[in-house]
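> please find the sequence and the predicted model below.
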Amino acid sequence: MFYRIILVAVGLALAGFIAFASITNIFVVNIKGVINVPRPIFERSIEIEINASSGSRTIDLGTVTIPGDGYFKVEAYSSILDEGFRIVLNGVLRLEPVYKPLTGNSSVSISMPCLLVVNTTCYRVMVIIPGYDTPMRISGGEYRASLDITWGEAEGAGSFQLVIKGLYGENPF
C-alpha cells in the first residue's frame, strides 16, 4: 500500500510537471513569396514537309495578346525523332501591332539563328539577341504574329519536333 501511494504521488508530480512545463519558441520562419513565372501567350501546332535542300516558309500564327507592358522572350526546344538527316533551320518571329495608329506600338522582329541544327554545324554571330537570348521590353496590346522559317543543308530522311515558346513577364526573367 505504501508503494502504491508513492507511485500515485510520483505520477501526480510528473503530471503536474508536464502540465506546467512551458514551451519556448526556438525560431519563427515567415515566408513571403512573389510569383513571376513567365506564361505562354500562344500555342499553335504546325507541320512542315521539307523536300528541298534549302527553302523558306512563312507561317501565320494569328493574333497574340500581350497583357500589358512587360518583357517578352522566345525559347526553343527540339527533339530529333529520326537521325537519318541533316539540316540547319533558322527563324524570325514577327509581331505587328493590330492597332498601331491607336497604340503607337512598334513592330517587333526577333531573329532566331541556328534554331535547329542536326548532324551539321551552324555558326552565328556571338551577340546577345534581344527577345531570343534575353528578354526584351514589349508594349501591351494585340499583335499579328508570323514565323519566317528558312532552312539549308537539308539532306536525308527523318523527322524532328521543334517547340517554340513565346514567354511574357511583367518583370525581367
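Good, I have the coordinates. Residues are numbered from 1 along each chain as shown.

> residues in contact with the helix or strand containing residue 137?
Element membership for residue 137 (DSSP states H and E) is strand 136-138. Residues outside strand 136-138 that contact it (C-beta atoms under 8 Å, 6 or more residues apart in numbering) are 66, 69-73, 95, 108, 110, 130, 168. To be clear about C-beta, it is placed using only N, CA and C from the backbone, and glycine gets the same treatment.

> which non-adjacent residue is nearest residue 56?
Among residues not flanking residue 56 along the chain, residue 150 sits closest, at 4.3 Å (C-beta to C-beta, 6 or more residues apart in numbering).

> list the beta-bridge partners for the one you found.
Beta-bridge pairing for residue 150 (DSSP bridges): residue 56, residue 90.

> relative to residue 137, how far out is it?
27 Å (C-beta to C-beta, to the nearest Å).

> what about those two, which has more around it?
Neighbours per residue, other C-beta atoms under 10 Å: of residue 150 and residue 137, the larger number sits with residue 150, 16 against 12.

> residue 52 touches residue 153, doesn't it?
No. Between residue 52 and residue 153 there is no contact under C-beta atoms under 8 Å: 11.2 Å.

> more neighbours: which of those two?
residue 153 (16 against 9).

> that one belongs to a strand, doesn't it?
Yes. Assessed by DSSP: H, G, I helix; E, B strand; the rest coil, residue 153 belongs to a strand.

> check contacts around it.
Counting by C-beta under 8 Å, 6+ apart, residue 153 has contacts 53-54, 86-88, 120.

> circling back: pull the most distant pair out of the contacts of strand 136-138.
Distances among those were taken as C-beta to C-beta; the most separated pair is 69 and 110, at 17.4 Å.
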